[in-house]
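>>> Sequence first, then the predicted structure, then my questions.
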Amino acid sequence: MKLLIVEDEIQLADALSEILKRSRYSVDTVYNGIDGLDCALTGVYDCIVLDIMLPGMNGIDVLKNIRNEKISTPVILLTARSEIDDKINGLDCGADDYLTKPFVTGELLARIRALTRRKGEIVDDDKLDYNGLELIKSSAAVKWQGNDVKLSLKEYQIMEMLMANPRQILPKERIIEKIWGYESDVEYNNIEVYISFLRKKLVSISAPVQIKTARGIGYFLE
């Protein structure tokens, strides 16, 4: 799952990024509103953590532009302000939630999980399920009927995308944008290597799920 942090307090932004990465999220961090808007408009993020007071363009204007472009990515606003009018304004402009600084990082993680939860796909906050095949966040493992195998970070992220979109063909371009970044120069054969690793690991646990190739397009689960 890919997150964007837009926060001008560099120490806070970098600390949040590290905490989220330890929870196995893929995280991009920018420190001003203009860069934040440019990143958000790519549409590759699953959730955006957006500060209100930003240089270049404030968070409310960033949010308005995101929603004007019909991008529905969940947004959590961060603000040092406690006035109710500011919170109402943010929600009215399209925010999905807000946190007032200072906040406990555990609460931010819980709110991200709540906003990105997919009905019918997530068993609990630690598991993603597809026809009995489980992806376990806390152990970075894929599991089938008592057999499990550890995944590397990139393997985990690709498997998460496939299991969260089981009825869709995921284009290679989308996988690169979500996992390596919008401006990455990663080649398609990098993805093919990780797909090969994942296929071998699924076989090793006797999982009846396969990663299939849609020739010239991408991959899907079957």
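That came through fine. Numbering: from 1, shown residues only.
>>> wait, residue 57 sits on residue 40?
No. Look at residue 57 against residue 40 with Cβ atoms under 8 Å: they stay out of range, at 11.1 Å. The way it works is simple: take the backbone N, C-alpha and C, and place the C-beta from them, glycine included.
>>> which of the two has more neighbours?
Counted by other Cβ atoms under 10 Å, residue 57 and residue 40 do not tie: residue 40 has more neighbours, with 24 against 17.
>>> Helices along the chain, start to end?
Per DSSP state H, the chain carries helices over the ranges 10-22, 33-40, 59-68, 84-92, 105-116, 153-164, 172-179, 188-204.
>>> just so I know, which of these lies nearest residue 222?
Closest approach to residue 222 among the helices of the chain (Cβ to Cβ): helix 153-164, 10.3 Å.
>>> and the direction of the closest one versus that of helix 105-116, what angle?
Put simply, helix 153-164 runs at 40 degrees to helix 105-116, going by axes from the mean of the first three to the mean of the last three Cα atoms, to 10 degrees.
>>> Pull out the CA atoms of helix 153-164 and give them to me as PDB.
Listed next in PDB are the C-alpha coordinates belonging to helix 153-164 (Å, rounded to 0.1, in the frame of the first residue of the first chain):
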ATOM      1  CA  LEU A 153       9.500  -5.900   0.800                       C
ATOM      2  CA  LYS A 154       9.000  -5.700  -2.900                       C
ATOM      3  CA  GLU A 155       7.500  -9.200  -3.100                       C
ATOM      4  CA  TYR A 156       5.100  -8.200  -0.300                       C
ATOM      5  CA  GLN A 157       4.100  -5.000  -2.000                       C
ATOM      6  CA  ILE A 158       3.400  -6.700  -5.300                       C
ATOM      7  CA  MET A 159       1.400  -9.500  -3.700                       C
ATOM      8  CA  GLU A 160      -0.600  -6.900  -1.700                       C
ATOM      9  CA  MET A 161      -1.500  -5.100  -5.000                       C
ATOM     10  CA  LEU A 162      -2.600  -8.400  -6.600                       C
ATOM     11  CA  MET A 163      -4.600  -9.600  -3.600                       C
ATOM     12  CA  ALA A 164      -6.300  -6.300  -3.100                       C
END
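>>> Quick one: list the elements packing against it.
Counting contacts by 3 or more Cβ pairs under 8 Å, 6 or more residues apart in numbering; DSSP states H and E, helix 153-164 packs against strand 127-130, strand 133-136, helix 172-179, helix 188-204, strand 218-221.
>>> Save those as JSON lines, and put in distance to residue 111, mean pLDDT and mean neighbour count too.
Below are these laid out as JSON lines (distance: least, Cβ to Cβ, whole Å; pLDDT from 0 to 100; neighbours: other Cβ atoms under 10 Å):
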{"stretch": "strand 127-130", "distance to residue 111": "19", "mean pLDDT": "84", "mean neighbour count": "18"}
{"stretch": "strand 133-136", "distance to residue 111": "21", "mean pLDDT": "91", "mean neighbour count": "20"}
{"stretch": "helix 172-179", "distance to residue 111": "21", "mean pLDDT": "84", "mean neighbour count": "19"}
{"stretch": "helix 188-204", "distance to residue 111": "30", "mean pLDDT": "91", "mean neighbour count": "15"}
{"stretch": "strand 218-221", "distance to residue 111": "29", "mean pLDDT": "91", "mean neighbour count": "20"}
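>>> Compare those and give me the one nearest residue 28.
Per Cβ to Cβ, nearest to residue 28 of those: helix 172-179, 10.5 Å.
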